[in-house]
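Participant: What shape does this take:
(chains A and B)
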There are 2 protein chains.
Amino acid sequence: MDKVNTYIKEHQQRFLDELFELLKIPSISADSRYKDDMLKTADLTKKFLIQAGLENVEICSTEGHPIVYGDKIIDKNLPTVLVYGHYDVQPPDPLELWDSEPFEPVIKETEIHPNGAIFARGASDDKGQFFMHVKAIEAMIENDSLPCNVKFMIEGEEEIGSEHLGTFIKENKEKLENDIILISDTTLAGKDIPSICVGLRGLSYVEIEVEGANRDMHSGIYGGAVPNPINVLSDMISGLIDDNGHINIPGFYDDVEELTEQERREMAKIPFDLEKYKKAIGIKDIQGEKGFSTNERTSIRPTLDVNGIWGGYTGEGAKTVIPSKAFAKISMRLVPHQNSEKISKLFKSYFEKIAPNSVRVNCQILHGGQPYVLPVTSPGYLAAKEAMTTTFGKEALPYRSGGSIPIVALFEEVLESKSVLMGFGLNSDVIHSPNENFGVDNFFKGIETIPYFYKYYSEKF
Amino acid sequence: MDKVNTYIKEHQQRFLDELFELLKIPSISADSRYKDDMLKTADLTKKFLIQAGLENVEICSTEGHPIVYGDKIIDKNLPTVLVYGHYDVQPPDPLELWDSEPFEPVIKETEIHPNGAIFARGASDDKGQFFMHVKAIEAMIENDSLPCNVKFMIEGEEEIGSEHLGTFIKENKEKLENDIILISDTTLAGKDIPSICVGLRGLSYVEIEVEGANRDMHSGIYGGAVPNPINVLSDMISGLIDDNGHINIPGFYDDVEELTEQERREMAKIPFDLEKYKKAIGIKDIQGEKGFSTNERTSIRPTLDVNGIWGGYTGEGAKTVIPSKAFAKISMRLVPHQNSEKISKLFKSYFEKIAPNSVRVNCQILHGGQPYVLPVTSPGYLAAKEAMTTTFGKEALPYRSGGSIPIVALFEEVLESKSVLMGFGLNSDVIHSPNENFGVDNFFKGIETIPYFYKYYSEKF
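Facilitator: Residues are numbered from 1 along each chain as shown, chains lettered A, B, ... in the order given. Have a look, this model is predicted:
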């Protein structure tokens, strides 16, 4: 690996210059005015894949933005790694909150990054991160050190829900065949904490309507004698979670994965400062399910949150109305091995059951996603752990994210392989927000770590 | 009284024609484009007061729309009745739901009114009703039958909160001095049910803000570990009322007037059809405080209703946010002898007390109004009861309205006299809505009944 490491060190400035080229194109997938820039970014991505030594590089059109593909098959008997990433970015608004132009990348020192961070939309999410893989592969191919096959699939619609990716992978199952999927689109648990995301929560999202009278009523004439849908909805929401933070829906916890004490201990090693946590988001106190730590509450435990509520008069001043209807949007984060469809149905039938006779309740299932887990005993996880442990010089830890990346569950379903979420971003990268940035150290740490992943993974396979 | 009755019968058509003149002017107090029409209506009202035989008739300017005043003092030793009414009307929108033009009055037969009802904005609320008094006084004066003194105060801002009436009555206490205030701006309990409104509920109206984190949070990253202001607000609202429909705020019921069994029996005589009630407003079932009938729940018992609630994402589709804040508007209807300021303060301190440590709560008292009761033993009530019993041919009953008319409490406070709410409208008049109407029979029944009120009140005084 010495040759690879030396190559990376010698070409640092060029790697940064090339990444800047990518960052300068406003590839905003959500905004149709940037369609040409999307194509330019796909073209440039194609150019870099070819430059890295990949073969069969092509721009695959979809009904939306295209997907860039490339591969390097050195031996069909060797394992194949599929690298997934995305070249599209979030819109940069609000522009006035950026300290520099979102599409004119600059390197600036920050408290967290004394060696500088790259400020630009997409620096961390995900141009900077997928580009680490391009450069790592280049370093391996140039130095005859690629130990297995590799395929790249870089899409352009991640920020808008990967609408056409599902069709693409279903239609290209053979082409995309692989043994493990490697993704850098997440964060480390902390700047100097080598860590791999091994779990994602799933989602069930419903919309509720509670209807009392067939029209808005005068609270003087009818108040006290008729159901008020807002009061009823509040009662029903309140009844969904008990005083211990436990969700009351029968069957809700039936399939929840119970972690071993060892795995909980392992996860608990990730440093956590409660006072800092509370201060950072300005909460007076934490709140959650009894018997679990904050990190457990946001990762290995399912939740129920009201994401929106509305009904009645919400303008200025006072209006004494009893509204006909009240509404809420409610989502549940799910953990392995809960099933999104099953949970949505359990919610619906429970919610309808607890409704008082006086109201009509309508519960619409809006959408969902399955939870995901990468076993800490799997070769993919072990290779990533060993790679990070090598480059960070201390033991890498597993952690679970509270969020959801629906495509990971989709990959597992369609391509029948696990994804390793080996991200090098930080929470402080403020992706999706103004002043998105990506540490220069993190960028090179990623390029340096990836070849070790290939090495250890091939050895374990 | 024969002469008076004969006079009324002989002039029916003219009375209707004159009312139509009033109804034709769009005196919409809420809309500044109708300022000239407001002045025209005040002028016409003045003309009718003079025509009725009143003296000292004048248009008193205020900082808003003017008040029309007139009186007839026949003997300072005799009692004085102050008639209150309003010449302004609600805006007629939505216009497309009217079957005839709102300011082109027509008489049409209806199921409830086989002898016809006057369809126009203001027919019942309140031009048609205050005009009954003008015509009744005319009939009495013309026939030398006015048994006491009378004063008229017809304002132009009732539909916009009587903003300048308070100042006017405070500055004109002597001029407005009276023994009893007579108002027709309410309804009968039913078409053939002689009935007098003897109670109005008061109001306490608050706005609530519950704040968790200092910004909107991602429900994946933070869900399960931080307070969700919507869930917290729902819990808190739910905790305000127990399973028996009883309000949990300590001290809330301390001052509530307990009616005698006899008074409850008297009120229970007013016919009530539960199935009809539910069907009319499309509710599956009634709901309210245990131990009280529907009519009692909406009249002699205090209530708590959420009038508006909002927070988080309320647009289309799904967004997985935990909002920083959630809001609600909450009003309580109060009964004699609850005090609006006291109840608002009790609410505020209880709401702050039940808030969990994890959130900040802000409770703003928006406004209030005192409840009102007219004792069924007072001369004013007894005169109204006897008058209605005479003209309807059956015993008149007391009832209480669930709504609030803040000026009635204000009259009591400033002018130190009770108001008799002897209205002749019906719930089916759909005041404030399209196709407002007022039964022709009701109009004449009012004109016929009012002279008896003066007769009996003078005798009792």
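
Participant: wait, what's in contact with the spatially most central residue of chain A?
Facilitator: What sits nearest the mean C-alpha location of chain A, by Cα atoms, centre = their mean, is A:Ile405, with 4.4 Å. By Cβ atoms under 8 Å, 6 or more residues apart in numbering or on different chains, the contact list for A:Ile405 reads A:185-186, A:200, A:372, A:421. Quick note: C-beta positions are derived from backbone N, CA and C, even for glycine.

Participant: between those, which is closest to chain B?
Facilitator: Distance to chain B, by Cβ to the nearest Cβ, is smallest for A:Leu200 among the contacts of A:Ile405, at 8.4 Å.

Participant: Let me know the pLDDT of that closest one.
Facilitator: For A:Leu200, the pLDDT comes out at 93.

Participant: next one: phi and psi at it?
Facilitator: Note on A:Leu200: its backbone torsions stand at phi -130, psi 140 [degrees, to the nearest 10].

Participant: wait, doesn't it sit right on A:Tyr399?
Facilitator: No. Judged on Cβ atoms under 8 Å, A:Leu200 makes no contact with A:Tyr399 at a distance of 11.1 Å.

Participant: if you count what's nearby, which of those two comes out ahead?
Facilitator: A:Leu200 (30 against 23; other Cβ atoms under 10 Å in any protein chain shown).

Participant: tell me which residues form a beta bridge with the more buried one?
Facilitator: Beta-bridge pairing for A:Leu200 (DSSP bridges): A:Tyr372.

Participant: can you pull the contacts of it?
Facilitator: A:371-373, A:400-401, A:403-405, A:408-409, A:421.

Participant: Buried ones only from these, please, as a ChimeraX command.
Facilitator: Only the buried entries of the contacts of A:Leu200 go into this ChimeraX selection, using 16 or more other Cβ atoms under 10 Å in any protein chain shown:
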select /A:371,372,373,400,401,403,404,405,408,409,421
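
Participant: now, which of the contacts of A:Leu200 sits nearest chain B?
Facilitator: A:Gly403 (3.1 Å).

Participant: That closest one and B:Gly220 touch, don't they?
Facilitator: Yes. Here A:Gly403 reaches B:Gly220: they are 3.1 Å apart, a contact under Cβ under 8 Å.

Participant: residue of the stretch 1-150 of chain A with the smallest distance to chain B?
Facilitator: Closest point on the stretch 1-150 of chain A to chain B, by Cβ to the nearest Cβ, is A:Leu97, at 12.9 Å.

Participant: Buried ones in stretch A:345-358, by neighbour count?
Facilitator: Here stretch A:345-358 shows A:346-348, A:350-351, A:355, A:358 as buried, counting by 16+ other Cβ under 10 Å.

Participant: Phi first, then psi, for A:Ala182.
Facilitator: Check again: residue A:182 is Leu, not Ala. The phi/psi pair for A:Leu182 (degrees, to the nearest 10) is phi -120, psi 130.

Participant: Bridged to it, which residues?
Facilitator: Beta-bridge partners of A:Leu182, as defined by DSSP bridges: A:Val83, A:Val420.

Participant: Ok, A:Arg360 next?
Facilitator: A:Glu211.
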